[in-house]
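Peer 1: predicted structure and sequence below. I'll ask about it afterward.
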Amino acid sequence: MASSSEKVKVLGFWVSPFVRRVEWALKLKGVDYEYIEEDIFNKSSLLLKLNPVRQKVPVLVHDLKVVAESYVILEYIDEIWKQNSLLPLDPYQRAMARFWAKFAEEKVFETAWNALCSGGEEKEKALKIAIESLEILEGEAKKIQNFFGGDRIGYLDIAMGWIGYWLPVWEQVGCMSILDPLKFPATSAWAKRFISHPLIKHNLPPREEMLVYFDKRSKELSSISQGWIKV
């Protein structure tokens, strides 16, 4: 629990998986916080003041200190609130968690997003990379019993949690197949366990609204994109 002198605020956008990472971490730690919804298409003066460099969400404000970028925020949360640690204690395992989080972000998240927002050869190229990368992650998922964090959710689970909820929405909107449960049974089983966790399943955006949002957003980006879209 955060004391009154350590008031915690999160600036976010309802459908952002990056913002949800921060909220999941705080809830798993039992930290109370105030959530402030931002319109990322009409950024507030507060967001521009708190994050003038990137001008993006999520932004965490803790005891008047400002932290930006979801992975940076996750590590900050883990260092400030020691209960229910997210990263492993072993230095090598910590390094591996960061490595796979970065791999999933660059090789699965970005490629799946580009597949959603493109067509033709670009879409096929992105899908190929995403599926090949999932094949690698499947090998890691086969090594776990419950979560990448062991018996409870950890840093890597939070980092890749979007796979179980956002990816199926993108697949439906983009008429594409990436996370085939027959091809990736271990990853699919882990994803189902993750989004079924009480603290996770009650902190997900409405799926029907996501379908509408991503359908509109993907069409907007596909009409103006010139090559690879960086997230």
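Peer 2: That came through, no problem.
Peer 1: quick one: mean pLDDT over the longest helix seen in the chain.
Peer 2: Counting residues, the longest helix found in the chain (DSSP state H) is helix 120-141. Averaged over helix 120-141, pLDDT sits at 97.
Peer 1: which of the residues in it are buried?
Peer 2: Residues 122-123, 126-127, 129-131, 133-134, 137-138, 140-141 are the ones in helix 120-141 that count as buried (16 or more other CB atoms under 10 Å). (Each C-beta comes from the backbone N, C-alpha and C, glycine too.)
Peer 1: check stretch 90-110 too.
Peer 2: The neighbour-count check on stretch 90-110 (16+ other CB under 10 Å) flags 94, 97-98, 100-101, 103-105, 107-110 as buried.
Peer 1: what do you get for stretch 57-70?
Peer 2: Neighbour-count burial for stretch 57-70, counted by 16+ other CB under 10 Å, picks out 57-62, 67-70.
Peer 1: now, these that are in strands?
Peer 2: Under the assignment DSSP state E, these contribute 59-62, 67-68 to strands.
Peer 1: Throw those residues into CSV and include pLDDT and distance to residue 47, thanks.
Peer 2: Converted to CSV, those look like this (pLDDT from 0 to 100; distance: CB to CB, whole Å):
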residue, pLDDT, distance to residue 47
59, 98, 7
60, 98, 13
61, 98, 11
62, 98, 16
67, 98, 14
68, 98, 10
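Peer 1: what's the most distant pair in these?
Peer 2: Using CB to CB, the pair of those lying farthest apart is 62 and 68, separated by 12.1 Å.
Peer 1: just give me the closest of the buried residues of helix 120-141 to residue 115.
Peer 2: Nearest to residue 115 out of these is residue 126 (CB to CB; 3.8 Å).
Peer 1: you'd agree that closest one is up against residue 112?
Peer 2: Yes: at 7.3 Å, residue 126 and residue 112 qualify as touching, with contact defined as CB atoms under 8 Å.
Peer 1: burial of residue 45, as a residue count?
Peer 2: Neighbours of residue 45 under the rule other CB atoms under 10 Å: 7.
Peer 1: tell me how far it lies from residue 39.
Peer 2: Distance of residue 45 to residue 39, given as CB to CB, to the nearest Å: 12 Å.
Peer 1: where do the helices of this structure begin and end?
Peer 2: All helices of the chain, identified by DSSP H, fall at 17-29, 45-50, 70-80, 91-104, 110-116, 120-141, 155-160, 166-174, 185-196, 198-201, 207-224.
Peer 1: how about residue 199, what does it touch?
Peer 2: Counting by CB atoms under 8 Å, 6 or more residues apart in numbering, residue 199 touches 24, 27-28, 153.
Peer 1: grab the two from these that are most spread out in space.
Peer 2: Farthest pair in those, by CB to CB: 27 and 153, 10.2 Å.
Peer 1: more neighbours: these two, which one.
Peer 2: Neighbour totals were compared for residue 27 and residue 153, and residue 153 leads with 23 against 16 (other CB under 10 Å).
Peer 1: got the phi and psi for the more buried one?
Peer 2: phi -70, psi 130 (degrees, to the nearest 10).
Peer 1: dump the residue contacts of the nearest residue to residue 204 once chain neighbours are set aside.
Peer 2: The shortest distance from residue 204 to any residue other than its chain neighbours is 5.7 Å, reached at residue 165 (CB to CB, 6 or more residues apart in numbering). Shown in contact with residue 165 (CB under 8 Å, 6+ apart): 17, 195, 204, 207.
Peer 1: run through this structure and note the low-pLDDT ranges.
Peer 2: The model of the chain has pLDDT under 70 over residues 1-5, 225-231.
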